[in-house]
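Visitor: Fold the following for me, if possible:
(one chain, ligands or ions: 1)
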Amino acid sequence: MRLGSLKSQLVLIVAVMVVLTLGGAYLIGVSSRLDAEFADARRDGLQNVFRLSQYLLAESELHQEDIAQELAMLATDPRISQVLIADPQGIVRHALDRQQLGQELALQSWFDASLLQSLRSSRLGVVQVDRRQGSVLVGISYAPLERDVVRSKQRGIVLLRYDLNATAQQLRWQVLQVFVLPGVMLLLLVLLLSWLAQRYVAGPLGLLRAATLRYAKDGTLQPLPEVGVQEVRALFRAFNTLQQQLQDSLGMLEAQKQAASQLVQEREALLLAVPDLLFEMSPEGRYLQVWSNTARDSLSATREQLLGKLAHQVMPLDAADTVCLAIRQALQQGVSRGQRICLYLDCEARWFELSAARKDGPDGSGSCIVLSHDITIRKHAEDELQLWAQVFAAAHNGILVTDSFRNIVLINSAFTRITGYEQDDIVGRTPSVLSSGRHDEGFYRRMWQEITNRGYWQGEIWNRRKNGEIFPEWQSISAVRGEDGEVSHYISVFSDISSQKEAEQYIRRLAYFDSLTGLPNRALLQDHAAQALSLSRHDNTPLALMFIDLDRFKNINDTLGHSVGDQLLVEVGRRLLSLLQEKDTLTRLGGDEFIILLPETNESGAGHLAESVVRALSTPYYLSGYELISTPSIGIAMAPVDGSTLEELLRAADAAMYRAKAEGRSTFRFFTAQMQQRSAARLKLEAELRRALDKRELQLYYQPQCNMQGQLVGVEALLRWMHPELGVVSPAEFIPLAEESGLIVPIGMWVLQEAIGQMREWRERGIRVPAVAVNLSALQFRQPQLVEQVAQLLHEAALPAGCLELELTESVVLEDPDDALGLMERLHNLGVGLAIDDFGTGYSSLNYLRRFPVDRLKIDRSFVQDLEQGRGIAIVRAIVSLARSLGFVTIAEGVETTAQLEQLRRLHCDQVQGFLFARPMAVIQLEAWLQRHHVVGPDGEGWNFEI
Ligand SMILES: Nc1nc2c(ncn2[C@@H]2O[C@H](COP(=O)(O)O[C@H]3[C@@H](O)[C@H](n4cnc5c(=O)[nH]c(N)nc54)O[C@@H]3COP(=O)(O)O)[C@@H](O)[C@H]2O)c(=O)[nH]1
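Guide: Predicted coordinates:
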């Protein structure tokens, strides 16, 4: 049994307690009994000494006996060891021990002198207790009567000594007897109890202890058998219950631990998985904690640098403000989401989205958990998406998006604009709502087949607007596939090509049809002719080509205006069409020229048709209130005799048409070999004209112009072609050729240079021709650089612009009056004179004439020639009157006779030009003419000649 064990301690404690209790009781019992013995001794002693002293007060014999008796009695008391009675002299007179008799009291060793002294000085008894020696001394002094009268002055002593050691010894033994048996019994009881305690309490408790230690050591828990006393068994039961509960709790604890561990692992994994920055921040925006699994470049500073800092210390002001705003929102509302900040990390703008949640501390303090999610890619995607959304919304093309089931999910505003369908009208429906009905089922099947196979289709399709209108679209449909490769959407992008179609048709019309009459033009004629000629060759069938030109159409145009001329052309086309079969092609080549291509037609058929055409076109026209007569001249060429190509046939028919014109107009002629030769000659002439400029075959003649007083007012430059073989070719012959071929532009420029150069030379030589008039053709007039070129030539020649007059025909000016007006104003601003040539032959719009900066009107030669017969007088008078009212000068051309001159004078015509005065002449002849007629003066003043 170990001393420290509960059992040993218990036993020891109980034993000690028993011993102590018994010892204590023994000592107390002994002590109290001794006290009583001492008290008894004291009391008895005092009584005995008093009684003896009483006997001693009167010394007598009687008394001696009493004393002896008393002593004998005292001697029976075992406690009394000494009885001494000393006389006043201190001599022992009575004693139990007879040997002491007669001895001096003071010599007795068992009491000290001080006691004796105390006794002698006291009248009372003195008791001296010595517990150590176990003695009690009781003494008293007495004064015996001397002679029975007087008390002796000296006092005798009665002294008793009780010796209580034997009594005490006996007493101790008694007490010991009283306590030992119960003590042993008690000890046995204690041992029994100890055994019982060991058996039924400590032993089981030891089991408990061992189980507890085992649990403490290795956590083993096992139910214990219920042993021991009832209470201990109860304790075991409780222990087992407790153990069970502990086991349960441990199980639960283990489960909770595992759950907690799981949670921790999950949290770890979560934090690892979260690619975001996590912060705990104080309400004022201070970093309290930083968690980051991401690379350093996601943070504006390291974790250590951030901790304890305010947001405003580590990021730009606006970003920090936003962080603080998110924190405030989270503190107020619990959470904050969607705040964004932009930080520049490594010179790159990075966007972060903040999510903040309030975190309440146990002490009521608040902080925020702030998650910063890098949304740079998303932001770029959003920006891109926004851009695309803007592109989508602003796209000019209609866009329609369907899901994989072809249900419309999205349209853009261009779609609405084009189709009229709003988003609410059409979302959820299929694109078939747009079907126009123009395409059959096969069209759509093929379309979807292509989309399925190639993922893409594009083409032209007709759809229907909401208002029912059918329109053409150019449409692209693309299949959009998701990551799984399955089609998720279809996107259709289309444009309304109505106007494009119209433009195409318009262009086609322009390309293949005459815009005025709607008839095919030369290009379409070529197509048809190629086919017809091929067929003709193949089938060996004849083919006729008819060239129709309206006689004097120019007159109608110029006189009644283009509008009437146009109406006439339209009506001619309509009449011609009414005569033709479907296989025939009627073409307007331009101007008043029409071509009819007649496949499978021989000479006879062509002749009959030509007669019908002459008849039909010669029938009067009623246009704009006018009754017009317009006859055609027709040339006919036959394939393959007159040509096997369109060009050859056209040339032949053209020549035949000229023949018809030459032979009286309003008729038709077939092409002949003679015409062939003439036509060839014309082509040859054109080729030669091209080379004429280089070969210096062109030359200018000048025809004088003068006023009614015979003064020279100017000369008109007239072109001559000195042909090496043909001699002088009239401009009337080659100017139209030059205009047709475009050669008139370089030729016209040469004329201008030559005329201005000549004027400069005359000036230099003192021959002061006042002005030179130069004819401008229509094509030349429309040259964009004309004004600049004229100005440049005048500048180079150092001539005043007034030296030059440009002659324009009415038809040139009125072809595009607005343009002409602008151009003429610019020329006029230069100081160049402007004349309207051949005035009266066309229909001059007075409205325009008033606005044109014209200087001279040239009265046409035909009116001058009619003057003698009186026919032209009215016209010339009207022209002169009009010119005067507008402030224009009039000049009559083609004056050949003095009668004409006189008439013109009477009609107040201002100036004249004609053979009457001089023909157009070469420079040398002109200069000689001027000299001959004395019109050359030293200063140019008063140049006169006889008229
Ligand atoms: N664009 C250009 N046209 C020019 C140029 N040079 C001439 N022409 C035009 O050619 C047409 C024929 O000109 P031409 O053969 O020179 O005839 C002119 C005169 O010779 C002729 N004339 C003059 N007086 C008389 C006359 O009394 N009787 C008569 N029968 N003929 C006469 O008239 C023509 C001048 O006409 P106009 O120009 O209208 O004043 C002719 O239309 C020329 O314009 C040129 O360089 N460029």
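Visitor: what's the burial count for residue 625?
Guide: Using other Cβ atoms under 10 Å, the number of residues around residue 625 comes to 7. Heads up, the C-betas are built off the backbone N, CA and C, glycines and all.
Visitor: Same check on the one 3 residues further on?
Guide: Residues lying near residue 628 (other Cβ under 10 Å) number 17.
Visitor: ok, now residue 181?
Guide: Residue 181: 10 surrounding residues under other Cβ under 10 Å.
Visitor: For it, give its distance to the ligand.
Guide: 179 Å (Cβ to the nearest ligand atom, to the nearest Å).
Visitor: what mean pLDDT would you report for stretch 801-810?
Guide: Averaged across stretch 801-810, pLDDT comes to 93.
Visitor: How about the contacts made by the residue nearest to residue 309 when sequence neighbours are not counted?
Guide: Nearest residue to residue 309, sequence neighbours excluded (Cβ to Cβ, 6 or more residues apart in numbering): residue 287, at 5.5 Å. Residues counted as contacts of residue 287 (Cβ atoms under 8 Å, 6 or more residues apart in numbering) are 279-281, 306-311, 314.
Visitor: residues in contact with residue 757?
Guide: residue 797.
Visitor: Okay, and the residue nearest to residue 309 sits in which element?
Guide: Per DSSP states H and E: residue 287 is located in strand 287-292.
Visitor: which residues of the stretch 701-850 of the chain fall in strands?
Guide: 712-723, 727-729, 772-775, 804-809, 833-839 (DSSP state E, counting those that start in this stretch).
Visitor: buried set for the helix or strand residue 651 falls within?
Guide: Taking DSSP H and E as the criterion, residue 651 maps to helix 646-662. Residues of helix 646-662 classed as buried: 646, 648-661 (neighbour count, 16 or more other Cβ atoms under 10 Å).
Visitor: Write out the residues of the protein neighbouring the ligand.
Guide: By the rule Cβ under 6 Å from any ligand atom, the part of the chain lying against the ligand is 703, 716, 718-719, 730-732, 735, 751, 775, 777, 837-838, 861, 893-896, 914-915, 920.
Visitor: same thing but at 5 Å, please
Guide: Residues of the chain lying close to the ligand (Cβ under 5 Å from any ligand atom) are 718-719, 730-732, 735, 751, 775, 777, 837, 893-894, 896, 914-915, 920.
Visitor: Just the buried residues of the residues you listed.
Guide: Buried by 16+ other Cβ under 10 Å: 718-719, 731, 735, 751, 775, 777, 837, 893-894, 914, 920, out of the residues of the chain next to the ligand.
Visitor: residues touching residue 582, list them.
Guide: No residues are in contact with residue 582 under the rule Cβ under 8 Å, 6+ apart.
Visitor: Distance-wise, check it relative to residue 598.
Guide: From residue 582 across to residue 598, the span is 12 Å (Cβ to Cβ, to the nearest Å).
Visitor: What of residue 802?
Guide: Taken as Cβ to Cβ, the span from residue 802 to residue 598 is 58 Å.
Visitor: Settle it for me: which of those two has more neighbours?
Guide: Taking other Cβ under 10 Å, residue 802 and residue 598 do not tie; residue 598 has more neighbours (24 against 14).
Visitor: what's the next secondary structure element after the helix holding residue 651?
Guide: Helix 646-662 is succeeded, C-terminally, by strand 668-670 (DSSP H and E).
Visitor: Run through the neighbouring helices and strands of that following strand.
Guide: helix 603-618, strand 632-639, helix 646-662 (3 or more Cβ pairs under 8 Å, 6 or more residues apart in numbering; DSSP states H and E).
Visitor: ok, and what's touching that strand?
Guide: 546, 603, 606-607, 610-611, 613-614, 633-638, 656-657, 659-660, 663, 675.
Visitor: can you check stretch 95-108 too?
Guide: 71, 74-75, 80-86, 90-94, 113, 116, 157, 159.
Visitor: Buried by neighbour count, from those residues: which ones?
Guide: Applying 16+ other Cβ under 10 Å to those flags 71, 74, 80-86, 90, 92-94, 116, 157, 159 as buried.
Visitor: before we move on, back to that, in a markdown table: the strands of the stretch 701-850 of the chain, plus distance to residue 20.
Guide: Shown next, in a markdown table, are those (distance: least, Cβ to Cβ, whole Å):
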| stretch | distance to residue 20 |
| --- | --- |
| strand 712-723 | 170 |
| strand 727-729 | 175 |
| strand 772-775 | 166 |
| strand 804-809 | 162 |
| strand 833-839 | 162 |
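Visitor: how about those strands, which one is nearest residue 386?
Guide: With Cβ to Cβ as the measure, strand 804-809 is the member of the strands of the stretch 701-850 of the chain nearest residue 386 (62.6 Å).
Visitor: May I have the closest one exported as PDB, CA atoms only?
Guide: Provided in PDB are the C-alpha atoms of strand 804-809 (Å, rounded to 0.1, in the frame of the first residue of the first chain):
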ATOM      1  CA  LEU A 804     -12.100  88.900-128.600                       C
ATOM      2  CA  GLU A 805     -15.700  88.000-129.300                       C
ATOM      3  CA  LEU A 806     -17.000  84.400-128.900                       C
ATOM      4  CA  GLU A 807     -19.900  83.300-131.100                       C
ATOM      5  CA  LEU A 808     -22.300  80.800-129.700                       C
ATOM      6  CA  THR A 809     -25.400  79.400-131.500                       C
END
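Visitor: Having no further points to raise, I will conclude here.
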